[in-house]
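Chemist: Could you look at this predicted model? Sequence included:
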Amino acid sequence: MNETHDPNANGPTPPPHAEPPPASPPPSAPPPGTSEQNQWGMFAHLASLVGLIIPLGNIVGPLVVWLIKKDEMAFVDDQGKEALNFNITVGLIGLALFLLTIITFGIGAILTAPLGVVLAIAWIAFTIIAAIKANEGQSYRYPFTLRLVK
């Protein structure tokens with residue numbers, strides 16, 4: 001018994017070269033933005049490195065970038081505030097370590113000096129990470145940061 005199969009018996013068949021439906025963008029894709037916004041977001045973070053040369057430059061640098069570009073670019077507004085908040089937090093922690101050293105007549109330096117070194121290394125590392133993420137168009141959130149500027 002040789003049966004022939006009719007291809008139209010079960011309905012129409014799809015064309016041989018049908019294109020799949022368009023894929024949705026991956027969920028981790030950066031928000032749409034221009035490279036200029038990304039660069040200014042990166043500058044907001046990197047401006048804090050001025051603090052290595054000028055006292056309080058780690059606060060003044062991000063503050064200047066944020067004040068200049070906050071009304072023009074929403075991404076820079078967000079990242080400028082984040083950089084400013086982080087550097088204010090680091091400054092407050094540094095001030096607390098300094099005061100603890102003074103209050104204990106220098107004996108507290110046994111504790112505060114190593115903590116200050118760890119703070120400085122973490123500050124530089126997190127600043128570089130944030131600058132890279134901002135340049136990629138991703139909003140970066142520093143850990144352990146007081147959100148004072150909203």
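Modeler: That came through, no problem.

Chemist: Longest helix of this structure, counting residues only.
Modeler: helix 74-103 (DSSP state H).

Chemist: For it, buried residues please.
Modeler: Going by neighbour count (16 or more other Cβ atoms under 10 Å), the buried part of helix 74-103 is 75-90, 93-94, 97, 101. To be clear about C-beta, it is placed using only N, CA and C from the backbone, and glycine gets the same treatment.

Chemist: avg pLDDT for the helix or strand just after it?
Modeler: Next in sequence after helix 74-103, counting helices and strands by DSSP states H and E, comes helix 109-135. If you average the pLDDT over helix 109-135, you get 96.

Chemist: And helix 109-135, what does it pack against?
Modeler: helix 35-46, helix 74-103 (3 or more Cβ pairs under 8 Å, 6 or more residues apart in numbering; DSSP states H and E).

Chemist: Could you export the ones you listed as a markdown table, including distance to Leu111?
Modeler: Shown next, in a markdown table, are those (distance: least, Cβ to Cβ, whole Å):
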| stretch | distance to Leu111 |
| --- | --- |
| helix 35-46 | 29 |
| helix 74-103 | 8 |
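
Chemist: Compare these and report which one is nearest to Lys150.
Modeler: helix 74-103 (7.2 Å; Cβ to Cβ).

Chemist: where does the protein dip in pLDDT?
Modeler: 1-33 (pLDDT under 70).

Chemist: so who does Thr104 touch?
Modeler: By Cβ atoms under 8 Å, 6 or more residues apart in numbering, the contact set of Thr104 is empty.

Chemist: Now it: phi and psi?
Modeler: When read as degrees, to the nearest 10, the backbone of Thr104 gives phi -90, psi 10.

Chemist: give the contact list for the residue nearest to Asn135 when sequence neighbours are not counted.
Modeler: Nearest non-adjacent residue to Asn135, counting by Cβ to Cβ, 6 or more residues apart in numbering: Met42, 4.2 Å away. Contacts for Met42 (Cβ under 8 Å, 6+ apart) come out as 131-132, 134-135.
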